[in-house]
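Student: give me a 3D structure for the following:
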Amino acid sequence: MPTYFSFTESIVEEAALGWLESLGYAVLLGPDIAVGEPAAERSDPNYRDVALEGRLQQALARLNPDLPAEALEDAYRKLSRTDAPLLLERNRAVPAKQ
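Tutor: From the prediction side, this is the model:
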């Protein structure tokens, strides 16, 4: 008789976090970077922010050191806001904004 393994979201999450950490990424817990905490990086108290604003802006500046501030701000706006109502359309819109 086959044995079935209970596959849960937490198993996938822990595996993904372990993989990212092995690649050198810093893994932080959501509550530790929540609004109101000393190390707060989130701006939405309901955890709906897809990207951490400060980190995205820092990454854009690091990856594009020769771009003027206006261009970096424009890139940030394009990456962080879309007009598409559905998630699938929003995901497709990001690469199209290049």
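Student: pLDDT weak spots in this protein?
Tutor: Low-confidence segments of the chain (pLDDT under 70): 1-2, 82, 94-98.
Student: spit out the contact partners of residue 80.
Tutor: Contacts for residue 80 were tallied using CB atoms under 8 Å, 6 or more residues apart in numbering; they are 51, 53, 56. The C-beta positions use only the backbone N, C-alpha and C, and glycine is treated the same way.
Student: ah, wrong one, I meant residue 92
Tutor: Neighbours of residue 92 in contact, by CB under 8 Å, 6+ apart: residue 84.
Student: top helix in the protein by residue count?
Tutor: helix 9-22 (DSSP state H).
Student: helices or strands next to the following helix or strand past it in the packing?
Tutor: Sequence-wise, the next helix or strand downstream of helix 9-22 (DSSP states H and E) is helix 53-63. Helix 53-63 makes packing contacts with helix 69-80 when contacts are defined by 3 or more CB pairs under 8 Å, 6 or more residues apart in numbering; DSSP states H and E.
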